[in-house]
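Novice: structure for the following, please:
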Amino acid sequence: METTKGLLGILFLVFCGCSHSHVSTAGDPNGASPPIACAQSEACKQEGKCTRQFGACGATSRDDCARSLACKWLGKCTLYTDLQCAAISNRACRESDICEFQGLCRARNGECVAPTVKVRRTTILKHITISERIGNQCRYAAVGDGLLDALRGAEPPKNPRPPKLDKSRLSRHCARHGRCSTNNGKCVADTHADCAVSQDCKRLGKCTAVGGRCVVGSGAGCPQSVKCRVVGGCTARDGVCSAVSGRDCKQAKLCVLAGYCTAKDGRCVRP
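Specialist: Next comes the predicted model:
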């Protein structure tokens, strides 16, 4: 009889799906809150800890790390020991937000750190004169490869035809840097509206048009920027969105994920 009861209990667990092998308990220490699957947890989204192992959620595959916000923000894209994602690749660091915003672009001991030699950051869009070559079109992307050829420095044809425009897409220099207007044959940021559509505004807080460029102003550009949310650059200072207080840093993802919670010299650092 006892054996029969035991078998019935096992069958019940199997058919009701009551195994806890893929869940972690979140909430108060008394277990009042319902169990949460690792794959649906914040730890999975932020740190790649998507699989339950040894009683806790941990990272167990390369994909877990690559999909995580720690990869995008901190360059921690590689599965390492102890079920953790780590910054192992210099490339991952260079492509991360912490490199763009903080200059921490080299992998060392599982984290992105400042390189010993200053990283050269160049862009083919630094000096835009594309409108002189391809028909005074700054706002919209040209259909075909004509715009890309011009950006790469290719010589234009002797008798160029005005490019057809795809008005569903902004051109690269408009979308990235807000240089959406034409002035004396050059693509420039002529109005605040030009800047508002740009990645420089959304990511770096450069939402104010001054002298044909988008720059950091005194408005809401910094507090609403990705730089503010990720590395605490929430306050406009000396033309840059900077971290100037503990409040700036403590709300940043860099503080939550990596302990950079103290403001120093315009950046969030570890205490």
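Novice: can you pull out the residues in contact with stretch 62-82?
Specialist: 44-51, 58-61, 85-89, 92-99, 107, 110-112, 230, 253-254, 257-258 (C-beta atoms under 8 Å, 6 or more residues apart in numbering). The C-beta positions use only the backbone N, C-alpha and C, and glycine is treated the same way.
Novice: take those and keep only those in strands.
Specialist: Those of the contacts of stretch 62-82 mapping onto strands are 51, 58, 85-86, 107, 111-112, per DSSP state E.
Novice: pull out the buried residues from the contacts of stretch 62-82.
Specialist: Buried positions within the contacts of stretch 62-82, assessed by neighbour count (16 or more other C-beta atoms under 10 Å), are 44, 46-51, 58-60, 85-88, 92-94, 96-99, 107, 111-112, 230, 253-254, 257-258.
Novice: now the nearest residue to residue 48 once chain neighbours are set aside: phi and psi?
Specialist: Of all residues not flanking residue 48 in the chain, residue 68 sits nearest, at 3.6 Å (C-beta to C-beta, 6 or more residues apart in numbering). When read as degrees, to the nearest 10, the backbone of residue 68 gives phi -80, psi 160.
Novice: mind jotting down where the helices sit in the stretch 151-271 of the chain?
Specialist: 172-177, 192-196, 199-204, 226-231, 246-250, 253-258 (DSSP state H, counting those that start in this stretch).
Novice: so the chain: which segments form each domain?
Specialist: 34-113, 130-215, 226-269 (automatic domain parsing).
Novice: could I get the average pLDDT for the second one?
Specialist: This means domain 130-215. Average pLDDT, domain 130-215: 70.
Novice: what does stretch 92-111 give?
Specialist: Mean predicted confidence for stretch 92-111 is 89.
Novice: what residues does that stretch touch?
Specialist: By C-beta under 8 Å, 6+ apart, stretch 92-111 touches 71-78, 80, 84, 86-90, 112-116, 119, 203-204, 226-227, 230-231, 233, 254, 258, 267.
Novice: may I have it exported as PDB, CA atoms only?
Specialist: Included here for stretch 92-111 are C-alpha records, laid out as PDB according to Å, rounded to 0.1, in the frame of the first residue of the first chain:
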ATOM      1  CA  ALA A  92      32.500  43.400 -27.000                       C
ATOM      2  CA  CYS A  93      33.800  46.200 -24.900                       C
ATOM      3  CA  ARG A  94      34.300  48.600 -27.800                       C
ATOM      4  CA  GLU A  95      30.700  48.000 -28.900                       C
ATOM      5  CA  SER A  96      29.300  48.500 -25.400                       C
ATOM      6  CA  ASP A  97      27.600  51.600 -24.000                       C
ATOM      7  CA  ILE A  98      30.200  51.800 -21.200                       C
ATOM      8  CA  CYS A  99      32.900  52.300 -23.900                       C
ATOM      9  CA  GLU A 100      30.900  55.000 -25.700                       C
ATOM     10  CA  PHE A 101      29.900  56.900 -22.500                       C
ATOM     11  CA  GLN A 102      32.800  56.200 -20.100                       C
ATOM     12  CA  GLY A 103      35.800  55.300 -22.300                       C
ATOM     13  CA  LEU A 104      36.100  51.800 -20.800                       C
ATOM     14  CA  CYS A 105      36.900  50.000 -24.000                       C
ATOM     15  CA  ARG A 106      39.300  47.200 -23.200                       C
ATOM     16  CA  ALA A 107      38.600  43.800 -21.600                       C
ATOM     17  CA  ARG A 108      40.500  42.900 -18.500                       C
ATOM     18  CA  ASN A 109      39.700  40.400 -15.700                       C
ATOM     19  CA  GLY A 110      36.100  40.000 -16.900                       C
ATOM     20  CA  GLU A 111      35.300  43.800 -17.100                       C
END
